[in-house]
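A.B. asks: Turn this into a structure:
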Amino acid sequence: MRIRRLYLIAPFALALAWAQFRESGAPELSAHLELAAEPLMPVRVYLFKDGQPFGLSPVQATLPLRVDLFYRERLWRSAAHPETLEVTCNDRSHFFLLKGRASFDLPAGRYRVEAYRGLFYTPARAEFELRAGERRRVPLRLESWAGAARGEWLSGDDHIHLTRSPEDNDIFLAWLAAEDLSVANFLQLQRQMDAAVQYAFGPAGQATREDRYTIRPGHESRSEFYGHVNLLGGREMIRPLSVGTMYANSPDTSTYPALLFARGRQLGATVGFAHFDGSTPHSTMLMDLAGGSLDFVEVFQFGVLKTAEWYELLNAGFRATGIAGSDFPVPLNRTREWPRWIPLLGPERTLVKARPQPDPYTAWAAGVKAGNAIVTNGPLVEITAGPAGSAATATAAFYRPLEQLEIVRNGQVVASAPGDGKRTRLSVSASLPAGESCWVAARVRARKEEGEPEIQAHTNPLYFLRGGKAVDAGGARRTLAAKWKAELDWYRTGPLEFRTDAARREFFARGEKALAILSSPAGGTDAGR
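C.D. replies: The predicted structure is shown next:
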């Protein structure tokens, strides 16, 4: 009886879905528009009629986003191989030409269309008028402002929450191509029940297009006591996925991040803290950093680059690799008017200079683990060391004018190249003292448009450790020790529940060991690794 009911429901569901896409009306009353990217490649587009946003129609796939706490949104499609995708949130639509071209039926009028593709392409724009009964082809010519350098970099977003089935991969991968995002980490999570569910993990759950774009599943494990952490690309998902009654169905808090990170690394995962320190009032990040449990911290998210907090970790002698992640679709729900130049997936992204071998995810993750990465929401910036670490040189480029390129040493600007309102490329060098250990990085800021966040990029540090001694600058280590002591005092009296007394003792033994490390002078070359 149940099977029969399913057979009856399926045709009805299909008919209902098709009704959302079907177009009707006299053809002579509409104009037929074909949009085509040149060169032919997936792009994101926006249409305006008489200066106001206007919907492209028909579309063959939609993703309606009404973000709650459970990440249950699913793709809808009316064709086996859709040419178009419409993503909607906050009464705003974002359109994707999944195959680089598509046709639409529109009323007569004056139009403007804009096309975007990732960070390395200059946007395209065209204005035109349509008359009833007319057929018009409008080319969208996009060029890479980075030239051949575009092919040298793999870009990644470590933090995306979208439910995915195998049949969704073709659309999601075309969406990645439209955003020119090489690696998308799709993370399952839990709020009482599972959310943003992935159909498999590790290589079995990986999907790749053109050897350039890859979706790799992972998970975000969350706790109101320890913070939110990301485990990227592991061969399995680790349960419990969340702990504590806010996110799970049990008050048990026995599984804390250090345990997850150790098991995750055994399963080949790249591990670290989301939202810099986990985004909750209390966090074990400092314990995990001192214990060498982390591969990364998210330093760039929601348009905010947390340089002060990041510099504090670096000045305390820890090699804290900074990466970027969107927490998609949260940013769309936070922003009423999305800045159109900014990609939806990978609005802030982590760039790794590597070839996509053996596949984009593996190469990108290796770069993150090695600290060979930059974070950006637009410009490209690099830093190189001179002979014997005597100097450093930074270069930056973008399609918009650059406002300032700086070299930062132990958190202080030691060299700067200002823009002149026109230049799209800058370079600067700085000499480095021979006697003192230091870290050195480059950062750049570009012109932004109204409604956009700061458009910027930042390298991960180069380390110059004199005599094998780690960096210890500005009293940062004492500050971190005081912060962790306060956290540890709270944990002793806070509402933690462990399955056994031995588990509790082990947690606080780790905490005391971390406090001892933070309270001592910076040690050798591998602090925090």
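
A.B. asks: Please enumerate the helices of the chain.
C.D. replies: According to DSSP state H, the chain carries its helices in the segments 2-21, 169-179, 257-266, 275-278, 285-290, 307-315, 330-334, 360-370, 476-493, 501-519.

A.B. asks: Contacts only, for the closest residue to residue 285 other than its chain neighbours.
C.D. replies: In this structure, residue 285 finds its nearest non-sequential neighbour in residue 277, 4.5 Å apart by C-beta to C-beta, 6 or more residues apart in numbering. For glycine as for every other residue, the C-beta is placed from the backbone atoms N, C-alpha and C. Contact analysis of residue 277 by C-beta atoms under 8 Å, 6 or more residues apart in numbering lists 227, 283, 285, 297, 309.

A.B. asks: Spatially, what comes nearest to the last one if we skip its sequence neighbours?
C.D. replies: What that stands for is residue 309. Using C-beta to C-beta, 6+ apart, the closest residue to residue 309 is residue 276 (5.9 Å).

A.B. asks: Would you check that that neighbour makes contact with residue 306?
C.D. replies: Yes. Here residue 276 reaches residue 306: they are 5.2 Å apart, a contact under C-beta atoms under 8 Å.

A.B. asks: Same drill for the two, tell me which one is more crowded.
C.D. replies: Taking other C-beta atoms under 10 Å, residue 276 and residue 306 do not tie; residue 276 has more neighbours (22 against 17).

A.B. asks: That one: what's it in contact with?
C.D. replies: Counted by C-beta under 8 Å, 6+ apart, residue 276 has contacts 285, 297-299, 301, 306, 309-310.

A.B. asks: can we see that at 10 Å?
C.D. replies: 227, 283, 285, 297-301, 304, 306, 309-310, 313, 320, 322 (C-beta atoms under 10 Å, 6 or more residues apart in numbering).

A.B. asks: repeat for residue 271
C.D. replies: 218, 221, 229-234, 257, 260-265, 288, 293-296, 369.

A.B. asks: Residue ranges in the stretch 151-300 of the chain under the pLDDT threshold?
C.D. replies: The stretch 151-300 of the chain contains no residues with pLDDT under 70.

A.B. asks: And the strands in it, which stretches?
C.D. replies: 153-160, 183-191, 193-195, 207-209, 213-221, 229-232, 270-273, 296-301 (DSSP state E, counting those that start in this stretch).

A.B. asks: Could you dump these into a markdown table and include distance to residue 113?
C.D. replies: As requested, the strands of the stretch 151-300 of the chain are arranged in a markdown table below (distance: least, C-beta to C-beta, whole Å):
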| stretch | distance to residue 113 |
| --- | --- |
| strand 153-160 | 25 |
| strand 183-191 | 26 |
| strand 193-195 | 35 |
| strand 207-209 | 25 |
| strand 213-221 | 24 |
| strand 229-232 | 36 |
| strand 270-273 | 39 |
| strand 296-301 | 30 |
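
A.B. asks: Nearest residue to residue 462 in space, please, no chain neighbours.
C.D. replies: Counting by C-beta to C-beta, 6+ apart, the residue nearest residue 462 is residue 440, at 5.0 Å.

A.B. asks: correct me, but the one you found touches residue 413?
C.D. replies: No. Between residue 440 and residue 413 there is no contact under C-beta atoms under 10 Å: 11.2 Å.

A.B. asks: list residues touching both of residue 276 and residue 306?
C.D. replies: 297-300, 322.

A.B. asks: Most neighbours out of these, which is it?
C.D. replies: residue 322 (29 neighbours).

A.B. asks: so how far is residue 111 from the spatially closest residue to that residue that is not a sequence neighbour?
C.D. replies: What sits nearest to residue 322 in space, not counting adjacent residues and going by C-beta to C-beta, 6+ apart, is residue 299, at 3.6 Å. Here residue 299 is placed at a distance of 40 Å from residue 111 (C-beta to C-beta, to the nearest Å).

A.B. asks: Over to residue 161?
C.D. replies: 34 Å.

A.B. asks: got it, and residue 338?
C.D. replies: Separation of residue 338 from residue 111 (C-beta to C-beta): 20 Å.

A.B. asks: if you count what's nearby, which of these two comes out ahead?
C.D. replies: residue 111 (22 against 19).

A.B. asks: Nearest spatial neighbour of residue 393, chain-adjacent residues omitted?
C.D. replies: Spatially, and ignoring its direct neighbours in sequence, residue 393 is nearest to residue 429 (4.4 Å; C-beta to C-beta, 6+ apart).

A.B. asks: for that neighbour, what are its contacts?
C.D. replies: Taking C-beta under 10 Å, 6+ apart, one finds 384, 386, 391-395, 407, 415, 417 in contact with residue 429.

A.B. asks: what's the lowest-pLDDT member of those?
C.D. replies: Among these, residue 386 carries the weakest pLDDT, at 90.

A.B. asks: That one contacts residue 432, correct?
C.D. replies: Yes. Between residue 386 and residue 432 there is a contact under C-beta under 10 Å: 8.0 Å.

A.B. asks: who has more neighbours, the two?
C.D. replies: Taking other C-beta under 10 Å, residue 386 and residue 432 do not tie; residue 432 has more neighbours (20 against 13).

A.B. asks: quick one: that one and residue 447, what's the gap?
C.D. replies: 30 Å.

A.B. asks: Residue 311 too?
C.D. replies: Distance of residue 311 to residue 447, given as C-beta to C-beta: 25 Å.

A.B. asks: Neighbour count for these two, which is higher?
C.D. replies: residue 311 (22 against 15).

A.B. asks: dump the residue contacts of that one.
C.D. replies: 299, 320, 408, 410-412, 439, 441, 461, 473-474, 476.

A.B. asks: and if we set it to 8 Å?
C.D. replies: Per C-beta under 8 Å, 6+ apart, neighbours of residue 311: 408, 410-411, 476.

A.B. asks: Can you tell me the closest non-neighbouring residue to residue 143?
C.D. replies: residue 122 (5.5 Å).

A.B. asks: ugh, typo on my part, it should be residue 211
C.D. replies: Per C-beta to C-beta, 6+ apart, closest to residue 211 is residue 356, 5.7 Å.

A.B. asks: The one you found touches residue 154, doesn't it?
C.D. replies: Yes. In this structure, residue 356 is within contact of residue 154 by C-beta under 8 Å, at 6.0 Å.

A.B. asks: Need the residues touching each of these two.
C.D. replies: Joint contacts of residue 356 and residue 154 (C-beta under 8 Å, 6+ apart) are 182, 363.

A.B. asks: the more surrounded of the two?
C.D. replies: Neighbour count, other C-beta under 10 Å: between residue 356 and residue 154, residue 154 has more, with 27 against 20.

A.B. asks: how far away is residue 405 from residue 455?
C.D. replies: For residue 405, the distance to residue 455 equals 13 Å [C-beta to C-beta].

A.B. asks: Tell me which of the two has more neighbours.
C.D. replies: residue 405 (27 against 24).

A.B. asks: which residues touch the closest residue to residue 398 other than its chain neighbours?
C.D. replies: Distance criterion C-beta to C-beta, 6+ apart; nearest residue to residue 398, sequence neighbours excluded, is residue 379 at 4.0 Å. The neighbours of residue 379, taking C-beta under 8 Å, 6+ apart as the test, are 396-398, 402, 444-446, 455-457.
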